[in-house]
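Asks: Return atomic coordinates for the entry below.
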Amino acid sequence: MSVFILRRLLQSLFVLLAVSLVVFFAVYAVGDPIELLVSPDAGQAEREALIARLGLDLPIWQQYGHFLWNALHGDMGVSFVHGVPAIELILSRFPATLELVVVAILLTCTVGIPLGLVAGLYRERYLGRGIMAGSILGFSLPNFWQGMVFILLFSVWLGWLPASGRGPTVNVAGVPLSIFTPQGWSHIILPAINLAVANIALVLRMTASGVAEAQSQDYVRFARAKGIRPGRIVRRHILRNIMIPVVTVIGMEFGTLIAYSTITETVFSWPGMGKLLIDSVYQLDRPVVVAYVMLVTLLFVLINLIVDILYAVLDPRVQLTEQSQ
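Replies: Next comes the predicted model:
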């Protein structure tokens, strides 16, 4: 396992280097942040002083070299707009995004897996067909439109839940979280559901497909022939064997939701990393955009590694070391 982890870490370094190169040059080639940061009434001397202070007077390859050297020391630059380190600014928004994603993933697991199990076990009946037909909506509805419908229905018409914001927070080990307050839950329900709908449909269909396939396997038929109770067959023989692809999807979607929760956070004004990214793009806050992409890439790399290791835990047939040819 140590050889596998070392090899993956080396691959990850090359991935991070390639991403940093592409993102840096792409972001720094778009727009001129000086036009947004400097007042129209500012003189030329003030303008040039700001350009020099931000390091924008250097050739782009030299700017990238400075960025890469500083990144190796944990410095991803200073936000042009906020004047604080980009990493510090992003991490200050991370708890809000993390708790939103965690609630969305919990909803995905608690709703998607049981519904998929029912749909797979009763696929030839109206119940199973109805669940599978309803799951199509999860893939079909645009995320932003879906969020606005939730706001219109539950906030405007019914007045049950707030339409925006995060609500009051409680410090847990120095981290501000809103899920430990009743008002916080009322704020997080709508954006979490909006974020989870597509993933519920995905996990549901994968689970149903796995259950349908597992029921035709010899080990399930043999278990039935031995007279094992149907509930035990489902728990020990069907559900356990279909969890590997489901765990893979859930693991990948966890990183995806953190990286691409921008639409949901924007629609519901959720003060997380996604909304910060959108605001930074509008403001041409280059260090924040680059730092965000690099952190997300690192997150995906770590999640991939964890999922691969979980493969071996869930299925002993999976080997983490290279097999001899």
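
Asks: Take the helix or strand hosting Glu265, keep the C-alpha atoms, and write them as PDB.
Replies: Per DSSP states H and E: Glu265 is located in helix 262-267. As requested, the backbone C-alpha atoms of helix 262-267 are provided in PDB (Å, rounded to 0.1, in the frame of the first residue of the first chain):
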ATOM      1  CA  THR A 262     -21.400  28.000  -6.800                       C
ATOM      2  CA  ILE A 263     -24.900  28.100  -8.400                       C
ATOM      3  CA  THR A 264     -26.700  27.000  -5.300                       C
ATOM      4  CA  GLU A 265     -24.700  29.300  -3.100                       C
ATOM      5  CA  THR A 266     -25.300  32.200  -5.400                       C
ATOM      6  CA  VAL A 267     -29.100  31.500  -5.700                       C
END
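
Asks: Which other helices and strands does it contact?
Replies: helix 86-107, helix 143-150, helix 182-215, helix 273-282 (3 or more CB pairs under 8 Å, 6 or more residues apart in numbering; DSSP states H and E). C-betas here are computed from N, CA, C, even on glycine.

Asks: pLDDT of the helix or strand just after the longest one, averaged?
Replies: Downstream of helix 182-215, the first helix or strand assigned by DSSP H and E is helix 218-225. Along helix 218-225, the predicted local confidence has a mean pLDDT of 74.

Asks: Stretch 161-168 now?
Replies: 90.

Asks: in it, what counts as buried?
Replies: Leu161, Pro162, Ala163, Arg166 (16 or more other CB atoms under 10 Å).

Asks: Stretch 47-64 too?
Replies: Leu50, Ile51, Leu54, Leu56, Gln63, Tyr64.

Asks: who's in contact with the last one?
Replies: Taking CB atoms under 8 Å, 6 or more residues apart in numbering as the criterion, Tyr64 is in contact with Leu21, Phe24, Phe25.

Asks: Any chance of the buried residues of stretch 161-168 in CSV with distance to Pro142 and secondary structure as columns?
Replies: Listed next are the buried residues of stretch 161-168 as CSV, based on distance: CB to CB, whole Å; DSSP: H, G, I helix; E, B strand; the rest coil:
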residue, distance to Pro142, secondary structure
Leu161, 21, coil
Pro162, 22, coil
Ala163, 18, coil
Arg166, 24, coil
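
Asks: which one of those residues sits closest to Val84?
Replies: Arg166 (20.1 Å; CB to CB).

Asks: quick one: the helices in the stretch 1-150 of the chain?
Replies: 2-28, 34-37, 44-53, 60-72, 86-107, 113-121, 126-140, 143-150 (DSSP state H, counting those that start in this stretch).

Asks: For burial, what's the neighbour tally of Glu102?
Replies: Actually, residue 102 is Val. It isn't Glu. Residues contacting Val102 under the criterion other CB atoms under 10 Å number 17.
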